[in-house]
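> this one's sequence-less:
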């Protein structure tokens, strides 16, 4: 694997990373559009169905009850660690992520814009109160004692699991007002909050190069930042398994796993004290 063109593109520039699900698949969290997607059907949660259909909400929370324990146990991988090292060194300005797993922060990254929110929280649709997902999990288990959260099931990208529906599943209400709780993430069909978009654009506008990691860029929420960088004449480097929507605009395109490439990038671009751990 020849990384020289990638390193030449990034060296001597202030970087911003745009990360997608492919940055976390090596931590055991599945994606929607990766190389293995064709062999499995994924039915993402739709915003309109969740907010308007009690059955759809019960289906989501029932699946989430089983999927959350495995999702929450996922650990940062070498790609997350490398991006954190690049930030500590001053090479990386920040990370704009489409992921909702919090693994960038757990690896030590601080300047992170979570475009699609975080599964670690739930938010009330009526009063906007926030509750930790761990608390919601305890209440889900208490309200549905007959359903074993350790049930074997395939983890899904939303932090839920592939399960059939269960009748009479009880969904906890907001502790503050009794309203509907929703995971604090942007579902399909829902808009990313404008302040979050503006924060991401601010990071991209400060970049000397945009490093896209593990994203097909199929959805507009990520694609817009590649387009913005290209319009400003900022080099765009893409590291992904499989084609991306941004390939025609990329200065460099590398077909590779994030966990293989980013540690090499960190070792090459960071002053040695910033790289505090040897990656495999």
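Thanks, I have it. Just so it is clear, the structure is predicted and the values come from calculations on it, not from any experiment.

> use CA for all of it now, contacts and neighbours both
Fine.

> Now do the contacts for residue 223.
Residues near residue 223 by Cα atoms under 8 Å, 6 or more residues apart in numbering: 217, 245, 246.

> Report the spatially nearest residue to the second one, omitting neighbours in sequence.
By that I understand residue 245. residue 217 (5.3 Å; Cα to Cα, 6 or more residues apart in numbering).

> residue boundaries of the strands in this protein?
Ranges of strands in the chain, per DSSP state E, are 15-19, 92-97, 112-114, 117-124, 130-132, 181-185, 209-213, 236-240, 252-255.

> what angle sits between the longest one and strand 181-185?
In other words, strand 117-124. 160 degrees (axes from the mean of the first three to the mean of the last three Cα atoms, to 10 degrees).

> what lines up beside strand 117-124 in the sheet?
strand 130-132 (antiparallel), strand 181-185 (antiparallel) (DSSP bridges).

> which residues are in contact with that strand?
Contact partners of strand 117-124, identified using Cα under 8 Å, 6+ apart, comprise 99-102, 129-134, 136, 159, 174, 179-186.

> still on that earlier bit, and the residue nearest to residue 245, how close does it get to residue 21?
Distance of residue 217 to residue 21, given as Cα to Cα, to the nearest Å: 10 Å.

> Tally up the residues packed near residue 147, please.
16 (other Cα atoms under 10 Å).

> The nearest residue to it once chain neighbours are set aside: how many residues sit nearby?
Spatial nearest neighbour of residue 147, chain neighbours left out: residue 141 (7.5 Å); criterion: Cα to Cα, 6+ apart. Residue 141 has 18 neighbours, counted by other Cα under 10 Å.

> Local confidence estimate at residue 141?
Residue 141 carries a pLDDT value of 95.

> What distance do you get for it to residue 170?
10 Å.

> cool, residue 73 as well?
25 Å.

> Of the contacts of strand 117-124, grab the buried ones for PyMOL.
Command for PyMOL that selects the buried part of those, burial taken from 16 or more other Cα atoms under 10 Å:
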select buried, resi 99+100+101+102+130+131+133+136+159+174+179+180+181+182+183+184+185+186
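
> For residue 110, grab phi and psi.
The phi and psi values for residue 110, taken as degrees, to the nearest 10, are phi -110, psi -40.

> residues touching it, list them.
The contact partners of residue 110, taken as Cα under 8 Å, 6+ apart, are 84, 94.

> ditto for the one 5 residues further on
The neighbourhood of residue 115, defined by Cα under 8 Å, 6+ apart, consists of 96, 97, 98, 99, 192, 196, 197, 200, 221.

> any low-confidence regions in the chain?
For the chain, applying pLDDT under 70 flags the ranges 32-43, 148-167, 272-280.

> Please repeat the previous calculation with a cut-off of 90.
1, 30-45, 146-168, 271-280 (pLDDT under 90).

> for the residue nearest the centre of it, what are its contacts?
Against the mean C-alpha coordinate of the chain, by Cα atoms, centre = their mean, the closest residue is residue 99 at 0.7 Å. Going by Cα under 8 Å, 6+ apart, residue 99 touches 19, 20, 21, 114, 115, 116, 117, 118.

> go on, residue 82?
With Cα under 8 Å, 6+ apart, residue 82 has these contacts: 262, 263, 265, 266, 275.

> now, which of those residues sits nearest residue 45?
residue 262 (30.8 Å; Cα to Cα).

> Around that closest one, how many other residues sit close by?
By other Cα under 10 Å, neighbour count at residue 262 equals 23.

> before we move on, the earlier item: including distance to residue 81, could the strands of the chain go into TSV?
Output for these, formatted as TSV (distance: least, Cα to Cα, whole Å):
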stretch	distance to residue 81
strand 15-19	13
strand 92-97	12
strand 112-114	14
strand 117-124	19
strand 130-132	25
strand 181-185	24
strand 209-213	13
strand 236-240	16
strand 252-255	20
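
> of all the ones you listed, which lies closest to residue 147?
Of the strands of the chain, nearest to residue 147 by Cα to Cα is strand 181-185, at 19.9 Å.

> Residue 145: how many residues sit nearby?
Residue 145, neighbours per other Cα under 10 Å, totals 9.

> what about it, distance to residue 137?
12 Å.

> Thank you kindly, that will do.
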